[in-house]
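Asks: Using only what follows, build the 3D model:
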Amino acid sequence: MRSVASVIPAGGVGRRLGRATPKQFLAIGGVPILVRTVRCFTRHPRVGLVVVAAPAALVGRTARLLGRYLPAVRVSSLDGSPAAGPALGARGRNVGGSVAGARGAVASSRHGASVPVPVLVVPGGAERQDSVVRGLEAVPASFDLVLVHDAVRPFVSGALIDRVIDAARETGAAICALPIAETVKRVRDGAVDTTVDRTGLWVVQTPQGFRTAVLREAHDKARRDGVVGTDDAMLVERLGHPVRVVLGLVENIKITTPADLGRARRWTAR
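Replies: The predicted structure is shown next:
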């Protein structure tokens with residue numbers, strides 16, 4: 001039974017890449033980064049729904065892009081307009097748009113691996129955290145586990161997704177990370193201030209997995225407290241909930257800079 005949903009916040013504009021096109025739409029090996037990322041989850045046997053939170057003005061474009069490259073996948077979208085007709089979100093709220101077909105596909109996909117995993121594109125928010133919340137609102141309550149994954153990490157493996165799912169199912173919250181191997185220094189005004197003890201320091205990746213109720217509670221509390229976290233695990237930590245760490249992948253890079261993009265293109269050209 002596919003009881004895991006994936007939320008992919010894809011609302012960024014990629015300023016650090018210095019491109020007019022949002023980084024998630026840039027191609028590596030002839031395929032847009034976002035398509036590669038989404039495909040990692042639609043192909044995973046334990047995932048029953050993928051929700052992509054796209055830039056609000058690009059919801060339609062994103063849905064068409066995914067539909068073109070993933071013809072076997074059922075792609076639907078919410079345009080955020082109340083005039084488009086009401087659709088009941090995960091928590092019973094009106095999220096707008098027309099997703100009857102997608103919701104039917106969700107129900108079917110949870111009962112058979114032969115049914116393509118549906119993809120729902122929703123309008124993202126101003127910040128990554130807002131986009132995750134928008135994605136969560138579109139996840140039906142029947143999904144007891146949610147993965148949150150960066151749109152520009154297209155090299156995540158099925159084995160890593162499995163490790164995160166297993167740990168999150170056991171503990172309620174899990175992340176993947178790599179121990180820091182380089183020397184770390186705190187720099188101030190262009191000079192070394194101090195050398196940081198790297199013992200116990202890890203660089204965090206995604207996917208991050210959570211019991212759906214835990215992640216909803218964490219985001220609700222963050223909103224009430226006016227807190228913006230650097231990742232979803234930080235918000236869960238504020239609940240006092242333990243977060244399990246599993247070993248990540250060196251290849252699971254986040255494409256943020258021109259150097260990252262060049263490396264990704266070299267990898268796919270091999």
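
Asks: quick one: the strands in the stretch 1-150 of the chain?
Replies: All strands of the stretch 1-150 of the chain, identified by DSSP state E, counting those that start in this stretch, fall at 4-9, 27-28, 31-32, 47-54, 75-77, 119-123, 145-148.

Asks: TSV for those strands, including mean pLDDT and mean neighbour count?
Replies: From N, CA and C alone the C-beta is placed, and that goes for glycine too. What follows is the strands of the stretch 1-150 of the chain, written out as TSV (pLDDT from 0 to 100; neighbours: other CB atoms under 10 Å):
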stretch	mean pLDDT	mean neighbour count
strand 4-9	99	28
strand 27-28	94	18
strand 31-32	96	16
strand 47-54	97	28
strand 75-77	87	24
strand 119-123	97	28
strand 145-148	99	26
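
Asks: Now stretch 196-211: buried residues?
Replies: Of all the residues in stretch 196-211, those buried under the rule 16 or more other CB atoms under 10 Å are 204-211.

Asks: what about that stretch, start to end distance?
Replies: Using CA to CA, to the nearest Å, the end-to-end distance of stretch 196-211 comes out at 34 Å.

Asks: so how far is it from its chain's centroid?
Replies: The chain centroid and the centroid of stretch 196-211 are separated by 16 Å under CA atoms, centre = their mean, to the nearest Å.

Asks: Wait, residue 125 touches residue 131, no?
Replies: Yes. Under the contact definition of CB atoms under 8 Å, residue 125 touches residue 131, with a separation of 4.9 Å.

Asks: of those two, who's got more company?
Replies: residue 131 (28 against 18; other CB atoms under 10 Å).

Asks: dump the residue contacts of that one.
Replies: 9-11, 53, 124-125 (CB atoms under 8 Å, 6 or more residues apart in numbering).

Asks: sorry, back to before: possible to save the buried residues of stretch 196-211 as JSON lines with secondary structure and pLDDT?
Replies: Putting the buried residues of stretch 196-211 into JSON lines (DSSP: H, G, I helix; E, B strand; the rest coil; pLDDT from 0 to 100) gives the following:
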{"residue": "204", "secondary structure": "strand", "pLDDT": "99"}
{"residue": "205", "secondary structure": "coil", "pLDDT": "99"}
{"residue": "206", "secondary structure": "coil", "pLDDT": "99"}
{"residue": "207", "secondary structure": "coil", "pLDDT": "99"}
{"residue": "208", "secondary structure": "strand", "pLDDT": "99"}
{"residue": "209", "secondary structure": "strand", "pLDDT": "99"}
{"residue": "210", "secondary structure": "strand", "pLDDT": "99"}
{"residue": "211", "secondary structure": "strand", "pLDDT": "98"}
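
Asks: and residue 178, how many neighbours does it have?
Replies: Once other CB under 10 Å is used to define contacts, residue 178 is seen to have 15 neighbours.

Asks: Now do the phi/psi pair for it.
Replies: phi -120, psi 140 (degrees, to the nearest 10).

Asks: tell me the average confidence for stretch 177-190?
Replies: Confidence for stretch 177-190, expressed as mean pLDDT, is 97.

Asks: Can you measure across it, start residue to end residue?
Replies: Distance across stretch 177-190, first residue to last, is 29 Å (CA to CA).

Asks: now swap in stretch 117-128 and tell me
Replies: 24 Å.

Asks: Might you calculate how far it sits from the centre of the chain?
Replies: Distance of stretch 117-128 from its chain centroid, counting by CA atoms, centre = their mean, is 9 Å.
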